[in-house]
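# Following is a predicted model, sequence given first.
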Amino acid sequence: MADHFTGRLIKLTNMNTKMELPSDQLRNFINNSLFFESKVGGLSDKEAIDVLIAVEDEAKLRIANGLIYRGITSFDNPEQFKKTFIYINGVGLGYCNAVLTALNVVLFDLWPHIVEACKDQYLLMLKETVRMNVNKIENVMMNAVRVLNGTGEWNSKVRMASQLATLFMENEQWLLGLKACPGLTTSVILVFSHLIVDAPVPMTQQDTFRSALINCVILFIKGRRHEVIILGRDFLLVLIRLSRIPQFEAIWKKFAEDPKMFNVTGIEDMLLRSCLASNTRLSAEVQMKIDFMLNSCRNVAPHWNWLTYSHLRGPDGGSLRAEIVRYLIAYVPENQMQADTRVQLLYFIISTAQPGAEQQWLKCCLWIDWLGFDPGTCDFKMMDAAFGTVKYALLMNTSSGQVLVNSSIGPQLANSLLEYVCKAATLFLPSASESILRSLNLAMRAIADQYGQNLQPILEHHRIDRKVHEGMREIWRDFLRGKEPPTSQPQTVPGAPVLTPPAANHIKPAKISEKSRSRSKNAEEAPPIIDLNALMKRLKGETRAKIEALRAKYKKELTDDADRSEAIEDIIQFIFTNDDKLEDNEIENAGLCLWAIAGKITKEGESVLPDGYNEKGPLECFSHPAYTIVRNLCTPTTPETASDNMITMAAGIREKDPTISYLFLFHIKGTVTNAAGVRECLECYSEVARACEKDVSEMLVSDLQNCAINDVRLFSYILPFVFQKMIEVLCANVDATQLKNFIGDIIRENIRLFRREQFNNILAASLEWSTVSQWVFWHLVHAEGIPIEWVVSIIPKLSNEQHQEALTNVLLMLKRMDRECSHRRSRKLPTSRRVDRRSDEKKQLSENSIIGIISKAPGKKGVQKLCLQQVLEHLTLFTELCLTRDKKVSEMFLSKHHMQEAIASVKSNEKATVLRSKYGQLYAVMDILSEQEQTSSRTLRGNRTGTATSSPTNDKIMKRKNADEEETNGNSQKKRKRTNREIIQLDSSDSD
Amino acid sequence: MTDEPWLKLGQLQPNMQSINTMVIILEPGQIRRTNTGTILVMRVADSTGSINLTLINPEFNETWRSGDILRIKSAYANLYQGGLTLTCGRNSECIKAGEFFMAFIETPFISEQAWPNAAEKPRPSFAEGDGNDRRPSMHSQNRKPPGPPNAPGHRPGNFNAGRGRYTNAQ
């Protein structure tokens, strides 16, 4: 028996029976076939039919299974296949339902396992049943079409689709004569349409696969158009997808002209209708897997990986993703877990799709229900799928255990999803933009009703780009705050200063109990309005008395900012000295009171940064009394606990008014000049971030976002500073793996670190960094392919002793330059001209750099290396362009002692004879300058002797001194010449 | 099918014998050759956690994929370098019983949990072992051995040193 079983199993499937157990369904199916054989084995056809008719109703399904098994495994025995149909015909209508069920069992449970020959045989059976006009066979056909959406290899799908299409075309009359087969119609249109898109364009005339599918879909759309309406807006998706094909373009036109042919009043009407065929769009196998993930998995990442590997790797992977998206949207979750899993799945599907057309199509599939939302026909839960995905992408963090997708993609995806829907509002169907806008607002209303107070933090999340936010505001005016400040602010006591959130922050004030939420959440989502009176009541003892006194006299007696600042400073110092008596809460409250009493620094529509402000300008813009608190944060204070107190205070203030932290950055940038001071202040900023329970990066992003919204000018002022500091932190802390990944991203052009206008500042700042930091920095510079022109300006500042890292890298960059500089003449600013310009700016080139280049120029062979010829070429160009200017800076540079020596050593080098003739002009210039120098120095010396000293003793001393100097110079010259001769080893390429 | 109940991975204890369980493959691993045969170490999981599963002398056609569900009979649990490993020896059975449809959790990773007596227990000598049944897992050779550095069982220096004839031949 076991052998019979195994033999039948092997015939039906490719299963390795040693390592794999057949599923229960498969086992039942084969056992049923054995049961069938036991009934009819050895009997004639007539006898067998009689036996089968006599079988009890309960056993009929088993018999039908056996019949189907015999049919699909008779690929090597046509007689047996014929016999099967003799039995089916013979047993009559009594077995009809059982046979159909058995056919469906094969499709639902066995299809992934059975061999191709059995599949072909199965399709042959379908053909025969259609020919026999078996009742309800169209349902089996529908399931056969569904199988194409997810199960099997691409080639197998193509063969099956081709056979099914041929079957439909051959039985057109049967098809058109069917009373109702909406399931079959929708399945064929949905499945075949994406196969048409995914199938490769035919290369030969014999390749009729695509055209067969097109004809088949056209047949269904035209022949059974009254059933197309079931697809609703999904039919529009099909037409959009296929609109480039002439046959479908014609249907589009007909639809626009005469929408009644599809029983709708227009395209808008179709858009408002939901698809009612969502349960038949995926293959049973894929659908079961999706349902299992929705019902049983909390973390769907591994299962999604396996599903992708099994079903979504083929050419139709993108289309299947879209089908799964549509299925998930129509899926009605029964509990919160299912809803969460659905959103998680949608996020995975879209974020792991191929960027470009595939991802855009998925976005379209995700949002189309919003574009045609009708509260009467659509369920809110359908809308929640798209919005939930946005929310998930916005709020996802690394701790959620999603290793499948990088968490940094989340906000990007959320922004792109929102941007898509904003654009789709007007571009999806321009003629119906009003209707779409209405639908979008109705959908958002449904979401708002469900989310309540939790909607605002999502819509106004700081991770949403400003541009996207603007677009959203245009669509959902009722749900997002405009640019205008809040209309009414509750003030408990008239005249009392009240802390309000920045008006442009668009965050709706909400009543949030202080202890119910964490500090970070408060600051991020809804900073509440602070009542100064209430705060004052919480203060105790002397602190309260002092702050009350300050409040009383603040506006009346203290008219000058300096006096006010002084008064605040006194109280801060008082807090520092009495901190042992104060709780953290009291310090926070005291800080808040002071901040509120001092008043807001930021004003609506006015930049904190005064016009014409520059770094060297006066510090008047920091005269506001509130800066006293910020200043105390920056300034190292004497008691050790003072810094902690200030950090507590600042964190408390930031909770209520996030502006303080970017004003803090501004203050650091504007007032602290030395690098060590800046570093200390930034550490203090990190401490404040920690006290606010945030990462530094998170707080920086939040601050910059706030600053960009409130004060664009200030934003553009502090951004380079923040960026520079971030680069410094990056270079100091990055490890090898991170650096590799980072450089990989730079090379792939995912990240661009440097802009020309900021680069010089960063480069100058980098000179003071540690060697490792500089090493990392230069790796990033090389990775980004920064041209030498960006670096030239730093050369005069480089010192051989102090900036070896930078010099090394500049030399490397020079080495990689083209040897010939003549082509640079055509450029706007050749290197020599830059040198000259820098000279004009009284920033003389460091002799070390040029001499270093000359002395280190020659080396091994190689076309790309810096060689003597290149240096001489540059100097020649330099003389051509820069000499005979008024200021004579270039002449001064060339007549420098070391330059003269270097040229002289080149001149005397035997290997450089060719160069001597080629660059004769340069040598001539150097000779002239050398002579002039000697003449002028002799004249000067003579003048000096004539005027300053006249005694013969002094003459002798001077002569002796001069002789000594000359001797010393002679020795040193000899030494240098020797050194240069050793260094300058010209190769053949240099001499040619 | 067996009459024995399916044991969950979270219930496994060192030196348990005749374990019948149903797991899903997370990492299928690769067959490695040793001096005395071959070995396959996979990471498997069920609804209570995940563990390393060692197959001794697997057949070459026994290639499973991630997501396959395995039915394991007569396996045993042993400690290898302080971590618990589920091992299918000569008398065990390991067969695919489905795929995908099994809920599981990856953590705790039971093989990485230190067992209280792991450090005290002397390393078993496999030089004269009873065939293949007690061979240690080679999968953990790249992992840091659990337990404190000064524990008696801790072996500083070359982690592969001292493996004797069971050192991976490749």
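That came through fine. Numbers count the residues shown, from 1 in each chain, chains lettered A, B, ... in the order given.
# how about the strands of chain A, start to end?
A:498-499, A:530-531 (DSSP state E).
# In terms of mean pLDDT, which of these ranks lowest?
For these, mean pLDDT drops lowest on strand A:498-499, to a mean of 33.
# now A:Val130, nearest residue through space, not along the chain?
A:Asn171 (5.4 Å; C-beta to C-beta, 6 or more residues apart in numbering or on different chains). C-beta coordinates here come from the backbone N, C-alpha and C atoms, glycine included.
# Same question for A:Thr426.
Leaving aside its sequence neighbours, A:Thr426 sits nearest to A:Ser433 (C-beta to C-beta, 6+ apart; 5.0 Å).
# What count of nearby residues applies to that neighbour?
A:Ser433: 15 surrounding residues under other C-beta atoms under 10 Å in any protein chain shown.
# Can you verify my assumption that it contacts A:Ala425?
Yes. Contact criterion C-beta atoms under 8 Å: A:Ser433 and A:Ala425 qualify, at 6.6 Å.
# Relative to A:Arg816, how far out is whichever residue of the stretch 251-400 of chain A sits closest to chain B?
Nearest residue of the stretch 251-400 of chain A to chain B, counting by C-beta to the nearest C-beta: A:Trp306, 3.8 Å away. Relative to A:Arg816, A:Trp306 is positioned 48 Å away (C-beta to C-beta, to the nearest Å).
# Can you list the helices and strands that the helix or strand bottoming out on mean pLDDT in chain B packs against?
Sorting the helices and strands of chain B by mean pLDDT, DSSP states H and E puts strand B:31-34 at the bottom, at a mean of 88. On a contact count with 3 or more C-beta pairs under 8 Å, 6 or more residues apart in numbering or on different chains; DSSP states H and E, strand B:31-34 meets strand B:37-46.
# Okay, now the sheet partners of the strand it packs on, with direction.
The strands that strand B:37-46 pairs with in its sheet are strand B:19-27 (antiparallel), strand B:31-34 (antiparallel), strand B:49-56 (antiparallel) (by DSSP bridges).
# Stretch A:583-592: which residues count as buried?
Neighbour-count burial for stretch A:583-592, counted by 16 or more other C-beta atoms under 10 Å in any protein chain shown, picks out A:Glu586, A:Ile587, A:Glu588, A:Asn589, A:Ala590, A:Gly591, A:Leu592.
# and the two most separated of the residues you listed?
The span of the buried residues of stretch A:583-592, defined through C-beta to C-beta, is set by A:Glu586 and A:Leu592 at 10.6 Å.
# so what sits against both of these two?
Common neighbours of A:Glu586 and A:Leu592, using C-beta atoms under 8 Å, 6 or more residues apart in numbering or on different chains, do not exist here.
# where in chain B is pLDDT low?
B:1-4, B:60-62, B:116-170 (pLDDT under 70).
# Chain A contacts on that one?
B:26, B:59, B:61-62, B:64-67, B:71, B:95-101, B:103, B:105-106 (C-beta under 8 Å from any C-beta of the partner chain).
# Next step: these restricted to strands.
B:Leu26, B:Arg71, B:Ile95, B:Lys96, B:Ala97, B:Gly98, B:Glu99.
# about what we covered before: for A:Trp306 and A:Arg816, work out which one has more neighbours and name it.
Set side by side, A:Trp306 and A:Arg816 show more neighbours around A:Trp306, with 19 against 12, by other C-beta under 10 Å.
# can I assume that one is in contact with B:Asp68?
No. Between A:Trp306 and B:Asp68 there is no contact under C-beta under 8 Å: 9.3 Å.
# so what's in contact with these two at the same time?
Residues touching both A:Trp306 and B:Asp68 (C-beta under 8 Å, 6+ apart): B:Glu99.
# and the residue of the stretch 251-400 of chain A closest to chain B, what does it touch?
B:Ser66, B:Gly67, B:Glu99, B:Phe100.
# Please repeat the previous calculation with a cut-off of 10 Å.
By C-beta atoms under 10 Å, 6 or more residues apart in numbering or on different chains, the residues touching A:Trp306 are A:Lys289, B:Ile24, B:Ile25, B:Arg65, B:Ser66, B:Gly67, B:Asp68, B:Glu99, B:Phe100.
# okay if I get those as TSV plus distance to A:Ser416 and neighbour count?
Formatted as TSV, the contacts of A:Trp306 follow (distance: C-beta to C-beta, whole Å; neighbours: other C-beta atoms under 10 Å in any protein chain shown):
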residue	distance to A:Ser416	neighbour count
A:Lys289	28	23
B:Ile24	35	24
B:Ile25	35	22
B:Arg65	34	12
B:Ser66	31	17
B:Gly67	31	21
B:Asp68	36	22
B:Glu99	34	21
B:Phe100	31	19
